[in-house]
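# build the 3D model from these lines:
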Amino acid sequence: MSITKFSPFANLNDFPVSFRLFEDTLNRLVHEGEGNVRPWIPAVDILEDENQLVLRADVPGVDLAKIDIRLENGTLTLKGQREFERKDDKTGYHRVERHYGQFARSFTMPETVDPEKVSAEYKNGVLQITLGKKEVAKPRSIQVQVS
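The predicted structure is shown next:
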C-alpha cells in the first residue's frame, strides 16, 4: 500500500461555485493595495552558462520608456510602471484582474559579472537582460604535462 499526500485544495474545480467566489473575493481583499490598485511583481527567469548570465522578466503592456535598469554595487535593479488605460466611454469594466502600477525587483549579482558587458532587449512583452562574465570567471582547461 502506498502513502499519498492529501491536499484538500488540489482541484478547486470540484468545489461549488460559491466557494470559488468566496476564495476570489478573499484573495482580492488580501492582495489589493490602497486605491484598489494591486501591487505586482513581474515573473523573472535567470539562466547562466559559462559566458553570461541572462535574466528574463515578463513585463507585457509596459512602455519601454517606463523601464529603468541599473547595475550598482553588485545589485541589478529593475523598476517600471504599467499604467491603467482609462477610456472615457460609457461602458464600465466588469472585472479588472491584471496588475497595474509601479514595480521594482532587485537581484544580487555574482562578482563574476562584468558591468561593462550588459545589454538589454525588449520583445513581445519580455525584457531580456544579458550580463557578460569577466574573463577570469570563465572556465578554462589546463593541460598537465607528465614527465
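
# any stretches of this protein with poor pLDDT?
In the predicted model of the chain, residues 1-2, 4-21, 23-39, 86-91, 137-138 satisfy pLDDT under 70.

# would you mind giving the domain segments of it?
Per automatic domain parsing, the domain ranges recorded for the chain read 9-38, 39-85+98-138.

# by contact count, what packs against the top strand by length along the chain?
If you go by DSSP state E, the chain has its longest strand at strand 113-123. Packed against strand 113-123 by the contact rule (3 or more CB pairs under 8 Å, 6 or more residues apart in numbering; DSSP states H and E) you find strand 68-72, strand 126-133. (C-beta placed from N, C-alpha, C; glycine too.)

# list the contacts of the first one.
Outside strand 68-72, the residues within contact range by CB atoms under 8 Å, 6 or more residues apart in numbering are 76, 77, 78, 79, 80, 109, 113, 115, 118, 120, 129, 131.

# and it with strand 126-133, angle?
20 degrees (axes from the mean of the first three to the mean of the last three CA atoms, to 10 degrees).

# state the next helix or strand along the chain beyond strand 68-72.
strand 75-82 (DSSP states H and E).

# what residues sit buried inside that following strand?
Neighbour counts over strand 75-82 (16 or more other CB atoms under 10 Å) mark 76, 78, 80, 82 as buried.

# repeat for stretch 46-58
Using 16+ other CB under 10 Å as the test for burial, stretch 46-58 gives 52, 53, 55, 56, 57.

# compute the first-to-last residue distance for that stretch.
12 Å (CA to CA, to the nearest Å).

# residues near residue 103, how many?
Residues near residue 103, counting by other CB atoms under 10 Å, number 19.

# what's near enough to touch it?
By CB under 8 Å, 6+ apart, the contact list for residue 103 reads 39, 40, 41, 42, 78, 79, 80, 81, 82.

# as CSV, those with distance to residue 124 would be great.
Output for the contacts of residue 103, formatted as CSV (distance: CB to CB, whole Å):
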residue, distance to residue 124
39, 24
40, 19
41, 20
42, 14
78, 17
79, 21
80, 16
81, 19
82, 15
